[in-house]
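In: give me the fold of what follows.
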Amino acid sequence: MKAALDKGQFGPWALVTGASSGIGKEFTRQIAASGINVVLVARRDALLAELGRAISQEFEWDTLSNGELLRAAEEAAFEIFLTTDKNIRYQQRLGDRIIAIVVLGNSRRPVVQLYVDRIVATITAAKAGTYTEVEIPDR
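Out: Predicted structure coming up:
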């Protein structure tokens, strides 16, 4: 049974823990189908990554170019666009953007995990329409 969730009642975001399987996985699908942005949390990284890919494909987010994805994120009232694509500032016109863009200087998860505090501080300080790179050295 599919539930119709009211984005106006519940807000634009949902945090789903235990999202990699079972009821958490189904909640994720139904929440995303209702147009609510979903943050997924799970202990099993491989299953979480698989679900993220499946949801992206199901709702066709994975088919969007960077420019289309930025537009879609702004239209959906996202405040932050977090990416590891260091070339985005050369490939997109960022001057007219409303969304704050934060670029991680490294995409390797074990290294990024060492700099979570720096990333959170940068995201917290980000202002609408800004572009910020988080320096994360290779280790």
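
In: show me where this protein has its helices.
Out: Assigned by DSSP state H, the chain shows helices spanning 7-10, 22-33, 45-58, 66-75, 88-91, 109-112, 116-125.

In: going by neighbour count, list what's buried in stretch 65-80.
Out: By 16 or more other CB atoms under 10 Å, the buried positions in stretch 65-80 come out as 69-70, 73, 78, 80. To be clear about C-beta, it is placed using only N, CA and C from the backbone, and glycine gets the same treatment.

In: for the residues you listed, give me JSON lines that also has pLDDT.
Out: Below are the buried residues of stretch 65-80 laid out as JSON lines (pLDDT from 0 to 100):
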{"residue": "L69", "pLDDT": "80"}
{"residue": "L70", "pLDDT": "84"}
{"residue": "A73", "pLDDT": "81"}
{"residue": "F78", "pLDDT": "79"}
{"residue": "I80", "pLDDT": "85"}
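
In: among the helices of the chain, which comes closest to T132?
Out: Shortest distance between T132 and those, using CB to CB, is found for helix 116-125: 5.7 Å.

In: ok so, going back, which of the helices of the chain sits closest to V16?
Out: Using CB to CB, these put helix 22-33 closest to V16, at 5.0 Å.

In: mean confidence score for the closest one?
Out: What helix 22-33 shows for mean pLDDT is 81.

In: what lies in contact with that helix?
Out: Residues outside helix 22-33 that contact it (CB atoms under 8 Å, 6 or more residues apart in numbering) are 2-3, 5, 14, 16-19, 38, 40, 42, 51, 55, 58-59.

In: of these, which is the most crowded?
Out: A19 (26 neighbours; other CB atoms under 10 Å).

In: so what's it up against?
Out: 25, 27-28, 38, 40-42, 48, 51.

In: repeat for Q57
Out: Counted by CB under 8 Å, 6+ apart, Q57 has zero contacts.

In: could you list the domains of this protein?
Out: Domains of the chain are assigned by automatic domain parsing as 7-58, 64-134.

In: sorry, back to before: hey, which of the helices of the chain is tucked in deepest?
Out: helix 22-33 (a mean of 17; mean count of other CB atoms under 10 Å).

In: please pull out the lowest mean pLDDT helix or strand from the protein.
Out: Least confident helix or strand, the chain: helix 7-10 with a mean of 71, by mean pLDDT, DSSP states H and E.
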